[in-house]
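>>> quick one, what's the 3D model for this:
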Amino acid sequence: MHITLRQLEVFAEVLKSGSTTQASQMLALSQSAVSAALTDLEGQLGVKLFDRVGKRLVVNEHGRLLFPRVVSLLDQARDVEQLFQEDKGAIRVYASSTIGNYILPQVIAHYRKDHPNLPLEMSVGNSQDVINAIADFRVDIGLIEGPCHSPDIVAEPWIEDELVVFAAPQSPLCQGPVTLEMLSAAPWILREKGSGTREIVDYLLLAHLPQFNLEMELGNSEAIKHAVRHGLGISCLSRRVIAEQLENRTLARVAVPLPPLIRTLWRIHHRQKHLSSALSRFLAYCEK
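Predicted coordinates for the structure are as follows:
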């Protein structure tokens, strides 16, 4: 068997683009060269990797099985090429919103100070968005606020984070002892389903309440803070998210009759993902 990296690169590009024509443009090869490389690869493997539907190529079960291994091999090949030179490959990081907005900026600032010319691509979404991107190999590393249950993804504990129940300072809940019944009757303003914060709040807090009064769901922590500040309800977010508002007393902590609400933030990558030297270097900054 003499499978080449070029054949694997052609396979990966055809899978992503869905045609040999577009793959040839991306790889700066002729369409006939792309078709020949793909045919030769299928011949050596003894299976078809795509179903031919009209002029389209649709990846089949063999192609889906091969793809993550090809991605890993190509990543390792690029790492070998850059072994003795400065690694300028872009690191693709996807973080859930609390991490991306309130934790990662400081990490990136330290990284940029030491490596100002190395490219870094960062995206922010909810935890499920991050998990989906990792599963599809669209990003290299993910940082999320809740556990990940996919068997194809490696999830490692990263740092701990405290969740705080808070309200407008004039709220009766901030004036004296609070019971679970009072929390049950209060109007809650929470993150949307699919958010790592929401999943943990459901598990650590709401499961202890006799009932639950959901006033509204919002997909943005800033929107939640403004809604609570204007007296529309109470909420629960990371202490990091509301630290400034607690300090200037535009929001106030509600002392709930429960143990501290501590969660683990997680670092995830695909099980077939090769952690390059550049990626390992960036992850070292995440641990500082």
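
>>> would you agree T98 falls within a strand?
No. Assigned with DSSP: H, G, I helix; E, B strand; the rest coil, T98 falls outside any strand and is helix.

>>> what residues of whichever strand or helix holds E9 count as buried?
Taking DSSP states H and E as the criterion, the element that holds E9 is helix 5-17. Of all the residues in helix 5-17, those buried under the rule 16 or more other CB atoms under 10 Å are 7-15, 17. C-beta: built from backbone N, CA, C; applies to glycine.

>>> burial check on M122, number of neighbours?
Other residues within reach of M122, judged by other CB atoms under 10 Å, total 16.

>>> H270 now?
Residues contacting H270 under the criterion other CB under 10 Å number 22.

>>> so what's it up against?
By CB atoms under 8 Å, 6 or more residues apart in numbering, the contact set of H270 is 68, 134-135, 137, 152-154.

>>> now do V14
Taking CB under 8 Å, 6+ apart, we find V14 in contact with 20, 23, 34, 38, 50, 57.

>>> try 7 Å
With contacts defined as CB atoms under 7 Å, 6 or more residues apart in numbering, V14 is in contact with 20, 23, 34, 38, 57.

>>> for this protein, name the helix or strand with the lowest mean pLDDT.
Across the helices and strands of the chain, mean confidence by mean pLDDT, DSSP states H and E is lowest for helix 196-204: a mean of 85.

>>> what helix or strand does the residue sitting nearest the centre point of the chain sit in?
For the chain, the residue nearest the mean C-alpha position is V130 (2.5 Å; CA atoms, centre = their mean). Assigned by DSSP H and E, V130 belongs to helix 127-135.

>>> now that helix against helix 196-204, angle please.
With axes from the mean of the first three to the mean of the last three CA atoms, to 10 degrees as the basis, helix 127-135 and helix 196-204 are set at 120 degrees to each other.

>>> hey, C-alpha coordinates of helix 127-135 in PDB?
What follows is helix 127-135, C-alpha atoms only, in PDB (Å, rounded to 0.1, in the frame of the first residue of the first chain):
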ATOM      1  CA  SER A 127     -21.500  25.100  25.100                       C
ATOM      2  CA  GLN A 128     -23.400  23.000  22.600                       C
ATOM      3  CA  ASP A 129     -22.100  25.100  19.700                       C
ATOM      4  CA  VAL A 130     -18.600  24.400  20.900                       C
ATOM      5  CA  ILE A 131     -19.100  20.700  21.200                       C
ATOM      6  CA  ASN A 132     -20.600  20.500  17.700                       C
ATOM      7  CA  ALA A 133     -17.600  22.400  16.300                       C
ATOM      8  CA  ILE A 134     -15.100  20.100  18.000                       C
ATOM      9  CA  ALA A 135     -17.100  17.000  16.700                       C
END
